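> One predicted model, sequence on top.
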Amino acid sequence: MPKLSSLEGILWFLTTLLTVLLLLRLLWTRLSSVYPAFAWFLVFGFARSIIGAASQLSQKQYYWYYIVTEAILLFFYILMTLEVYTLVLQKYPGIQALSRWMLSGALIGAMTLAMASMYPEMMAKAKLTEYDLLGVAERGILSGLVLLILLVTLFLSWFPISLPRQIALHSILFAAFFLLKGGARLAQNYSQNLLGRPLNLALFSLACCCLLGWIFVLKPMEEKPTTLKMGKWNRTDENRLLGQLQEINDTLSGKRHHTGE
């Protein structure tokens, strides 16, 4: 835990406080059932931070604590990305099913590229540590998820899909948070931690801004929710694009159904 008198300590305390407030807001508005992966990510992140700060861990114990909890966080990143895809594409089950395959393919491809990029560095070491293996997994998973988040952001900005306001704003905040956080973490990995303190401060500041955004944006779901459209087109082009999207969905759904038969 950073010293509370330091800038890192102040930002850590503020991030922890805002995490608790956001969790309480999700429970109060019952949005924890709409975003379960997101809610459990916040619970785990809070518990990880408090346990790490309160426990008197030895250097070896903290090493394993970091390895295990960081691996669990990577799993939560995957779950949250799937959750966003599912919410955005809930009206298009065929495209939604395809996105799951895209996620698997992107992760496998990114992991392969991460291993290839780190191969000379890994071969130079006499023995690989758990931290080295975590670095490969982290680099691959974050690269794959950043690519997919970019795709879903481009998808939302192009197609005039009407989404409930809550889901649209959550998707935007999640995209901003994850793209910046993933980019900073990857930069930290590739720079061999030379930018450690500036990037840590940037990550704390980013987390505070996004947590504040979620606290103010996420409100109780309405019976007739207000909808937002990301893509802006005239009515003729909107109908054409939505028709094309529906045709793609129907084709994918038909293929999936045919395969099941």
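Yep, that arrived.
> mind listing the strands for the stretch 151-261 of the chain?
162-164, 227-229 (DSSP state E, counting those that start in this stretch).
> where in the stretch 1-150 of the chain is pLDDT low?
Within the stretch 1-150 of the chain, the stretches with pLDDT under 70 are 1-5, 96, 98-100, 103, 106, 110-111, 114-115, 117-126.
> Out of the strands of the stretch 151-261 of the chain, point me to the one whose mean pLDDT is lowest.
Between those, the lowest average pLDDT goes to strand 227-229, which shows a mean of 57.
> now the helices for the chain?
For the chain, the helices defined by DSSP state H cover 7-28, 36-54, 59-88, 93-123, 130-158, 165-190, 196-217, 235-260.
> Next, format those helices as CSV and append mean neighbour count.
For every residue, glycine as well, the C-beta is placed using N, CA and C. Shown next, in CSV, are the helices of the chain (neighbours: other Cβ atoms under 10 Å):
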stretch, mean neighbour count
helix 7-28, 16
helix 36-54, 16
helix 59-88, 16
helix 93-123, 15
helix 130-158, 18
helix 165-190, 18
helix 196-217, 16
helix 235-260, 12
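> which residue sits closest to Lys91 in space, ignoring its chain neighbours?
Using Cβ to Cβ, 6 or more residues apart in numbering and skipping the chain neighbours, the partner closest in space to Lys91 is Ile161 (7.8 Å).
> scratch that, Leu169 is what I was asking about
Using Cβ to Cβ, 6+ apart, the closest residue to Leu169 is Val217 (4.7 Å).
> Make sure the one you found is actually in contact with Ala168.
No - shown here, Val217 and Ala168 do not form a contact pair, counting by Cβ atoms under 8 Å, at 9.8 Å.
> Can you pull the residues that touch both of those two?
Taking Cβ atoms under 8 Å, 6 or more residues apart in numbering as the contact rule, Val217 and Ala168 have no neighbour in common.
> Would you mind measuring from the residue nearest to Lys91 to Ala175?
Counting by Cβ to Cβ, to the nearest Å, the gap from Ile161 to Ala175 is 15 Å.
> same deal with Val88?
Separation of Val88 from Ala175 (Cβ to Cβ): 10 Å.
> shared neighbours of those two, anything?
Contacts common to Val88 and Ala175, judged by Cβ under 8 Å, 6+ apart, are Val152.
> thinking again about what came up before, can you tell me how far the residue nearest to Lys91 sits from Leu87?
Relative to Leu87, Ile161 is positioned 11 Å away (Cβ to Cβ).
> Next: Gly105.
21 Å.
> which residues does the residue nearest to Thr81 when sequence neighbours are not counted contact?
Here the nearest residue to Thr81 in space, its sequence neighbours aside, is Leu145; by Cβ to Cβ, 6+ apart that works out to 5.2 Å. By Cβ under 8 Å, 6+ apart, Leu145 lies in contact with 77-78, 81, 106-107, 178, 182.
> just checking, Ile50 touches Thr15?
No - using Cβ under 8 Å, Ile50 makes no contact with Thr15, being 11.7 Å away.
> Now for the residue nearest to Gly213 when sequence neighbours are not counted: which residues touch it?
Counting by Cβ to Cβ, 6+ apart, Gly213 lies nearest to Leu173, which is 5.1 Å off, once chain neighbours are set aside. Residues near Leu173 by Cβ under 8 Å, 6+ apart: 210, 213-214, 217.
> and if you look at Leu57?
By Cβ under 8 Å, 6+ apart, the contact set of Leu57 is Tyr65.
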